[in-house]
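1. how would this look folded up:
(one chain, ligands or ions: 1)
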Amino acid sequence: MRVETKNLIIRNFELSDEKDLCEYMLQRVNVEFESYPNFTPQKAKEEVEYRSKSDEFFAVVLRAKHKVIGNIYLGKRDFNARELGYVLNQDYQNKGYGSEACRAMIEFAFGEGVHRIYAECAPQNVASWKVMEKVGLKREAHFRKNVSFHNDDRGNPIYWDTYVYAALNPNEKADESID
Ligand SMILES: CC(C)(COP(=O)(O)OP(=O)(O)OC[C@H]1O[C@@H](n2cnc3c(N)ncnc32)[C@H](O)[C@@H]1OP(=O)(O)O)[C@@H](O)C(=O)NCCC(=O)NCCS
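-> Numbering: from 1, shown residues only. Model prediction:
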């Protein structure tokens, strides 16, 4: 798989991406959103090996620097749907690359005949849902306190809300769904 945009190349991971992958994954150890708390440099080799064989994880390469600056995830789900996820190296955020990569991958997936693409995030993760809106996904749900990734000091779960955004393949015939 290889998709090219003005600034980016989105392609399968390669073993030589280990250093770049490690750089942005380490930035995510202690963060609020899309964290990988157990990631260590020792795990980078295993992770890049796994991703290089995956058809769900894709490397985002910045053409100008020949550098992997993040990844797009398109996880296969029931009923020909894909769950979209994205992470960028923090040094390359807020430059439009997240939207550029997502837009291209959504177009690619719909071109391949995927029926529905959806993504989920916390309402507090403004950059994430702004990207979803910029690339044409619509907010379909706001689930209240439905997920928990951490406990408080007493060991009780801290619950977060979730937004669900989605787009349907525009190449499919319109149906009776209610907008
Ligand atoms: C989510 C992520 C991939 C977005 O990539 P990006 O390249 O920074 O996104 P873009 O530059 O294309 O767009 C970001 C938008 O959010 C806005 N934004 C960013 N942070 C914001 C904030 N704290 N408050 C309000 N708007 C914010 C930007 O202004 C921009 O909108 P605009 O173009 O209308 O000005 C990136 O922030 C990231 O890797 N975050 C950490 C991982 C993560 O949270 N992933 C999603 C998990 S659900």
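2. tally of neighbours for Glu14?
-> Using other C-beta atoms under 10 Å, Glu14 has 13 neighbouring residues. Where C-beta positions appear, they are placed from N, C-alpha and C, glycine not excepted.
3. quick one, phi/psi of it?
-> Main-chain torsions, Glu14, degrees, to the nearest 10: phi -120, psi 150.
4. beta partners for the closest residue to Asp20 other than its chain neighbours?
-> Leaving aside its sequence neighbours, Asp20 sits nearest to Val68 (C-beta to C-beta, 6 or more residues apart in numbering; 3.7 Å). Beta bridges link Val68 to Val61, judged by DSSP bridges.
5. count of neighbours near Val68?
-> 24.
6. list the residues that contact it.
-> By C-beta atoms under 8 Å, 6 or more residues apart in numbering, Val68 lies in contact with Phe13, Asp17, Asp20, Leu21, Tyr24, Ala59, Val60, Val61, Leu62.
7. correct me if wrong: Ala59 contacts Arg11.
-> Yes: counting by C-beta atoms under 8 Å, Ala59 does reach Arg11; the two are 5.8 Å apart.
8. quick one: which of those two has more around it?
-> Neighbours of Ala59 and Arg11, each counted by other C-beta under 10 Å, are more numerous for Ala59; the result is 23 against 16.
9. let me see the contact set for the more buried one.
-> Contacts of Ala59 by C-beta under 8 Å, 6+ apart are Ile10, Arg11, Asn12, Phe13, Glu14, Asp17, Leu21, Arg51, Val68, Gly70, Asn71.
10. assign Val31 to helix, strand or coil.
-> coil (DSSP: H, G, I helix; E, B strand; the rest coil).
11. contacting residues for it?
-> Taking C-beta under 8 Å, 6+ apart, we find Val31 in contact with no residue.
12. in the chain, where's the longest helix?
-> helix 97-111 (DSSP state H).
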